[in-house]
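Q: prediction below, plus the sequence it came from.
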Amino acid sequence: MYKVHWIIDGIATIDKKNQDEAENEIKSRIEKFVSENSEFFNTIGAKAIQGKAYLPGKDDVSDK
């Protein structure tokens with residue numbers, strides 16, 4: 001039997017007034033998605049999802 005360790009990494013761009021609003025909006029969307037797909041997430045053994053909002057700097061190329 002094999003175990004597979006997986007990681008999902010991404011950057012969402014969202015227009016909000018501050019860091020807390022940005023984080024809470026994405027958190028809410030992810031929680032809704034996980035809730036609607038709980039059987040899948042239980043099957044793959046998802047344990048954690050985390051993120052942190054930031055203001056991109058002049059060298060940020062994540063949107064390109």
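A: Happy to help now that I have it. Numbers count the residues shown, from 1 in each chain.
Q: elements contacting the top helix by length along the chain?
A: For the chain, the helix that runs over the most residues, judged by DSSP state H, is helix 19-36. Of the remaining helices and strands, none touches helix 19-36 by 3 or more C-beta pairs under 8 Å, 6 or more residues apart in numbering; DSSP states H and E. For the C-beta atoms, the positions are set from N, CA and C on the backbone; glycine is no exception.
Q: give the buried residues for that helix.
A: Of the residues in helix 19-36, those buried by neighbour count under the rule 16 or more other C-beta atoms under 10 Å are 22, 23, 26.
Q: per-residue confidence averaged over that helix?
A: Averaging pLDDT along helix 19-36 gives 93.
Q: so how far is stretch 40-52 from its chain's centroid?
A: Put simply, stretch 40-52 sits 10 Å off its chain's centre (C-alpha atoms, centre = their mean, to the nearest Å).
Q: one more: stretch 36-54?
A: Using C-alpha atoms, centre = their mean, the offset of stretch 36-54 from its chain centre is 8 Å.
Q: contacts for stretch 40-56?
A: With contact meaning C-beta atoms under 8 Å, 6 or more residues apart in numbering, stretch 40-56 is reached by 6, 8, 19, 20, 22, 23, 26, 27, 30, 34, 62, 63.
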